[in-house]
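1. curious how this folds, go ahead:
(4 chains, ligands or ions: 4)
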Protein chains: 2
Amino acid sequence: MQSTAFSPHDHSHCISSAINHAQSLCAQRGVRLTPVRQRVLELVWRSHQPIGAYELLAALAKEGFNSAPPTVYRALEFLSEQGLLHKLDSINAYVGCCNPETPHQGHFLLCQVCNKAQELESQYINLALKVSADQHGFEIQRHTIEIIGTCKECIDKPSLSELTP
Amino acid sequence: MQSTAFSPHDHSHCISSAINHAQSLCAQRGVRLTPVRQRVLELVWRSHQPIGAYELLAALAKEGFNSAPPTVYRALEFLSEQGLLHKLDSINAYVGCCNPETPHQGHFLLCQVCNKAQELESQYINLALKVSADQHGFEIQRHTIEIIGTCKECIDKPSLSELTP
DNA sequence: TGACAGTTGTTATAATATAACATAACATCC
DNA sequence: GGATGTTATGTTATATTATAACAACTGTCA
Ligand SMILES: [Zn+2]
Ligand SMILES: [Zn+2]
Ligand SMILES: [Zn+2]
Ligand SMILES: [Zn+2]
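-> Numbering: from 1, shown residues only, chains lettered A, B, ... in the order given. Ligands and ions are numbered 1, 2, ... in the order given. Coordinates of the predicted model:
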C-alpha cells in the first residue's frame, strides 16, 4: 500500500513540493504565479480535503487579499488550466494535483468520513472508459470520475483519522 | 451498434416506456407517483438532453403547477431515490434512467455538441473502479462517472444531429 | 371523527458562479 | 523614458443552483 492522502504522512512535504512544482512549471511555461494565485494554491494544499471557493475566499479575506468572488474563481481557473488543481464536481470543491507536469483528467477517491480526496492514476479506468466510448463511436474530451465512499483509515479507526491533514 | 440516445429513434416509445415503468414500480413499492412527480419525470424524458431544475420549474409554471424551487427539487429527490432519474454533477442537470428496476449508479456519455446523454452499463468500468478502490482498501458507496465529448452522430454530421430528440 | 404520515404551498435565504466594466501592473518597442 | 498593448486585478452587480423552515392540505386508518 503506497502512501496516500488518507494515511498519516509528512504533509508539509506535500505542500512544499506542490508549490515548488508550481513555481518551476509556471516559469517554464511563461505564465505568472502571482501572489494571489500562489496563495490560493497554498490554501488548497493546506490539507487533502477539497476546499470550496467561498472557504478560500474567506481565508484570503483574513489575510488582507481582495475578497470578491471573481478573485478566487479567477485564481482557480488559472490553476486549473495549468493542471495544478482539479475541481470535484460532485462536491463543488477543489483539490491540489500531485502530478501537474503532464496535463490529465483525474480520477478520485473521496472519503465521506474524513473528507479527504486521493487522486488515482489508473490506466485500467482510462482503458475501461475508452472501450465503452469506442463501442459508441464516442470521442472523449474530458471526464469526471469521482468515487465516493470510506477510506481504509476511516474503516479501521472510525473516529481518529479525521484529524490528520 | 445498438440504438442510443444519440441516434435517431422513436422517442415517444422512450417516454411511454419510462412512464409505464415508473407507474408500475411506484405501485409495487407502495410510493406515490403524484401528478407533479409524474409531470417532472415526463419533462425530464422530453428528450435525451439532461435538463436543469430551473428549466423544469419554468415548464411546470407554464402548465399551472406550483412554481417555487422546492416543488421541483422535491420531485427530483423523489424520482432520484426511486432510481427513475440521475443527476449529472458536471452540468447540474437531470436525465431519465432507462433501467430503474435495479437501483444503480450510472455511467454517462455526454455529447457537448447535441447535449444528449447516454447511460452506459459497463461492467468493465465498474470492475476498473473496484480494482482501484480495493488497492487502497477503499469501500465504494457511490460514484459520479461522466464522460464528456462528441457522439458519433455529431462527429459524422456536425450540424444536423442537434435536432433529433 | 381524530390522529398521523406524507405531500404540497410559501417565503426566505444559502451556496455557488459569472457578467461587465474600470483600473492597475507589466512588457515591449520606439 | 513614454506610448502602447496585454495581462491581471478591483469592483459592483447579478445569475444560477439549492435548501431551510414552517404552514396548510390530503389521504389513511383506527
Ligand atoms: Zn499530504
Ligand atoms: Zn477517510
Ligand atoms: Zn429516446
Ligand atoms: Zn452529439
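2. what does the closest residue to A:Ala5 other than its chain neighbours show for phi and psi?
-> Distances taken as C-beta to C-beta, 6 or more residues apart in numbering or on different chains place A:His48 nearest to A:Ala5, at 3.5 Å, with adjacent residues excluded. Every residue, glycine included, has its C-beta placed from N, CA and C. Main-chain torsions, A:His48, degrees, to the nearest 10: phi -90, psi 10.
3. quick one, what contacts A:His48?
-> Taking C-beta atoms under 8 Å, 6 or more residues apart in numbering or on different chains, we find A:His48 in contact with A:5-6, A:11, A:14, A:95, A:116-118, A:165.
4. with A:Arg142 instead?
-> A:Arg142 sits next to A:105, B:148-149 when contact means C-beta under 8 Å, 6+ apart.
5. if we use 7 Å, what do you get?
-> Contacts here follow C-beta atoms under 7 Å, 6 or more residues apart in numbering or on different chains; on that basis A:Arg142 touches A:105, B:148.
6. SS state for it?
-> What DSSP: H, G, I helix; E, B strand; the rest coil gives for A:Arg142 is strand.
7. give me the pLDDT for it.
-> A:Arg142 carries a pLDDT value of 95.
8. then A:Pro158?
-> 60.
9. ditto for A:Lys152
-> As summarised for this prediction, A:Lys152 has a pLDDT of 96.
10. same thing with the one 10 residues further on?
-> pLDDT, the model's per-residue confidence, is 50 for A:Glu162.
11. drop anything exposed from the contacts of A:His48.
-> The neighbour count (16 or more other C-beta atoms under 10 Å in any protein chain shown) marks A:5-6, A:14, A:95, A:116-118, A:165 as buried among these.
12. save those as JSON lines, and put in secondary structure too.
-> Putting those into JSON lines (three-state DSSP) gives the following:
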{"residue": "A:Ala5", "secondary structure": "coil"}
{"residue": "A:Phe6", "secondary structure": "coil"}
{"residue": "A:Cys14", "secondary structure": "helix"}
{"residue": "A:Val95", "secondary structure": "strand"}
{"residue": "A:Lys116", "secondary structure": "coil"}
{"residue": "A:Ala117", "secondary structure": "strand"}
{"residue": "A:Gln118", "secondary structure": "strand"}
{"residue": "A:Pro165", "secondary structure": "coil"}
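13. burial count for A:Gln49?
-> By the criterion of other C-beta atoms under 10 Å in any protein chain shown, A:Gln49 has 18 neighbours.
14. and for the residue nearest to it when sequence neighbours are not counted, the neighbour number?
-> With C-beta to C-beta, 6+ apart as the criterion, A:Gln49 has its nearest non-adjacent residue at 4.5 Å, and that residue is A:Asn115. A total of 17 residues lie near A:Asn115 under the criterion other C-beta under 10 Å.
15. let me know the pLDDT of A:Asn115.
-> 97.
16. show me the residue at the heart of chain A, geometrically.
-> Residue closest to the average C-alpha location in chain A (C-alpha atoms, centre = their mean): A:Val95, at 2.2 Å.
17. which strand residues bridge that one?
-> As for beta bridges, A:Val95 partners with A:His86 under DSSP bridges.
18. what helix or strand does A:Ala22 sit in?
-> Taking DSSP states H and E as the definition, A:Ala22 sits inside helix A:11-29.
19. just give me how far that helix sits from the chain centre.
-> Centroid separation for helix A:11-29 versus its chain: 14 Å, with C-alpha atoms, centre = their mean, to the nearest Å.
20. mind giving me the packing neighbours of the next helix or strand after that helix?
-> Next in sequence after helix A:11-29, counting helices and strands by DSSP H and E, comes helix A:35-44. Applying 3 or more C-beta pairs under 7 Å, 6 or more residues apart in numbering or on different chains; DSSP states H and E, we find helix A:35-44 packed against helix A:11-29, helix A:53-62, helix A:69-81, strand A:93-96.
21. return the most buried member of these.
-> Comparing these by mean neighbour count (mean count of other C-beta atoms under 10 Å in any protein chain shown), strand A:93-96 ranks first with a mean of 24.
22. just after that one, pick out the following helix or strand.
-> Note on strand A:93-96: by DSSP H and E, the next helix or strand toward the C-terminus is strand A:107-111.
23. quick check: A:Ile51 touching A:Ala93?
-> Yes. Taking contacts as C-beta atoms under 7 Å, A:Ile51 lies within contact range of A:Ala93: 5.8 Å.
24. from the contact counts, what lies against the strand or helix carrying A:Ala133?
-> Per DSSP H and E, A:Ala133 falls inside helix A:123-135. Counting contacts by 3+ C-beta pairs under 7 Å, 6+ apart, helix A:123-135 is packed against strand A:139-150, helix B:123-135, strand B:139-150.
25. distance of the residue in chain A that ligand 3 sits nearest to relative to chain B?
-> Across chain A, no residue is closer to ligand 3 than A:His136, which sits at 14.9 Å (C-beta to the ion). Using C-beta to the nearest C-beta, to the nearest Å, one gets 6 Å for the distance from A:His136 to chain B.
26. check contacts around that residue.
-> For A:His136, the contacting residues are B:4, B:109, B:118, B:152, by C-beta under 7 Å, 6+ apart.
27. surely the last one and A:Phe138 touch.
-> So that's B:Lys152. Yes. Counting by C-beta under 7 Å, A:Phe138 is a contact partner of B:Lys152 at 6.4 Å.
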